[in-house]
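In: all I have is the shape, not the residue letters:
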């Protein structure tokens, strides 16, 4: 049960008072999703005031009762327009039509000191100079009524519009050293800066212990370390993310993966991070003791185990099949003879090729899983997830929480798509030069030999902590490049062996899942160039 009433009496008994002037000098904030129930919202605001919180980042506030409540408690509401995750063209267009909503917020806050600065945009492409004039125009409107304007950004050195607003808040969620972000900003810009979000998530069901990532104690220790790193920083303020875990129908600052960042969970039970925030904000405690815990020992990670099984199967095939060993040099150094042998069905090795197909498919599944899991926390991936509808995003999130299932799913998809594509070639070969399954299998599997060398690298990365992001991206680029080459090699060999007319061969090649997916992605990009531009900026300008 939430101890709101008990906290009120405790703080009153201790005689802890709230100094409004001090709060204005040093903003101590929290991100808050306004509850539907007014009484619950009022209790939240009261407890925030007693905890030393001076500012609250939230969405649109139309209930003047809440504004009056915050006013009486000395809290400042940082209200924000619902403009989130927009590319440069969409952002400029949305800002050009935001005047009426902005004026409503100004009118609602007239006469209330709690109606603080207004956030014009969150986590959008402020690295593009084309949006700066609209930001400046809206800032001028706010200045005429005595208000301030700000925006939340992921960009630092590449941010182009900081001069158009009064101050900027950097999104530092999950960043262990946000003070480094502040230092980078101060070297590049003159505009005052703060932190829009700090903190990390807690995973339900995690073992307790500050050493166990995902536990409530780890979340609290993470927040304690962040506060410690910010002690010597001259910043306009910070906002802890967030007061309570997201509701199921959250509209303000939704997390694509539905992670739990709250100081309270959805059942209104406090987490240890609440007491860290209270102690630091009230200035009564900055060092905390938590159970360390002991991470569960894993003798061998499933990824490494499955990888070694696949490589061992490959070694057994190589050692146990003299015909397989004899074909290897012919494939690499006399490819024409290899192709002729397959055409005449002299060296097709159906059982060996079937085993190789299985190994290749599962290896592709492992590599794809490693790349996806490694990149899922990056800004471009988070933005891609935020673009998805709620249903598909929820399903995909569940799969990402089970990497083994994802590996099997990706591997099975690779096997199925390769089999369907080979079937197209066999149907197109006709009766004059029939292409048998064993021949198609041989020609489809062997060009993908690169996977056997990429897999050990992925296994090494998976078992090594602290692998730099650029190494993961380079691995993904090499893997995708090899996949395109293998598709071209396979299509050319099948074309020569089956003697299919060039037009038909080109059509079947275009129907390859990789090529077809690339065409679909290219078409989508042309129609959503604004989103592609934003993704590119997220990938290259942070």
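Out: Everything's here; your move. Here the structure is a predicted model, which means the values were calculated and not measured.

In: pull out the buried positions in stretch 304-316.
Out: By 16 or more other C-beta atoms under 10 Å, the buried positions in stretch 304-316 come out as 306, 307, 310, 311, 314. Just so you know, the C-beta spots here come from the backbone N, C-alpha and C atoms, and that holds for glycine as well.

In: is it true that the second one touches residue 452?
Out: Okay, so that is residue 307. No - counting by C-beta atoms under 8 Å, residue 307 does not reach residue 452; the two are 10.6 Å apart.

In: now list whatever residues contact both of these two.
Out: Common contacts of residue 307 and residue 452, defined by C-beta atoms under 8 Å, 6 or more residues apart in numbering, comprise residue 363.

In: wait, which of the buried residues of stretch 304-316 is closest to residue 67?
Out: When those are compared for distance to residue 67 (C-beta to C-beta), residue 306 wins out at 56.9 Å.

In: just the pLDDT for the closest one.
Out: In this model, residue 306 is scored at 93, pLDDT.

In: does the nearest residue to residue 203 once chain neighbours are set aside count as helix, strand or coil?
Out: Distance criterion C-beta to C-beta, 6 or more residues apart in numbering; nearest residue to residue 203, sequence neighbours excluded, is residue 214 at 3.5 Å. Of the three states, residue 214 takes coil under DSSP: H, G, I helix; E, B strand; the rest coil.

In: residue 214 touches residue 222, doesn't it?
Out: No - with contact defined as C-beta under 8 Å, residue 214 and residue 222 do not form a contacting pair (10.6 Å).

In: which one of the two is surrounded by more residues?
Out: Ranked by neighbour count (other C-beta atoms under 10 Å), residue 214 and residue 222 place residue 222 first, with 22 against 16.

In: the more buried one: what secondary structure?
Out: Classification of residue 222 by three-state DSSP places it in helix.

In: skipping adjacent residues, who's closest to it in space?
Out: Nearest residue to residue 222 in three dimensions, chain neighbours excluded: residue 200, at 4.6 Å (C-beta to C-beta, 6+ apart).

In: please apply the same query to residue 469.
Out: Of all residues not flanking residue 469 in the chain, residue 378 sits nearest, at 7.0 Å (C-beta to C-beta, 6+ apart).

In: so where do the helices sit in the stretch 1-150 of the chain?
Out: Secondary structure of the stretch 1-150 of the chain, counting by DSSP state H, counting those that start in this stretch: helices at 4-14, 20-25, 38-50, 64-73, 88-96, 99-108, 132-144.

In: what does the stretch 251-400 of the chain give?
Out: Counting by DSSP H, counting those that start in this stretch, one finds helices in the stretch 251-400 of the chain at the ranges 272-282, 302-320, 322-333, 335-343, 350-375, 379-387, 390-400.

In: which among the ones you listed is found nearest to residue 536?
Out: helix 379-387 (8.4 Å).

In: OK, contacts around the residue nearest to residue 203?
Out: Residue 214 neighbours (C-beta under 8 Å, 6+ apart): 201, 202, 203, 206.

In: and it, how far is that from residue 303?
Out: Using C-beta to C-beta, to the nearest Å, residue 214 is found at 18 Å from residue 303.

In: where does residue 417 sit: helix, strand or coil?
Out: Secondary structure for residue 417, judged by three-state DSSP, is helix.

In: spatially, what comes nearest to it if we skip its sequence neighbours?
Out: Leaving aside its chain neighbours, residue 417 sits nearest to residue 513 (4.0 Å; criterion: C-beta to C-beta, 6+ apart).

In: and for the one you found, the neighbour number?
Out: Based on other C-beta under 10 Å, the number of other residues close to residue 513 is 15.
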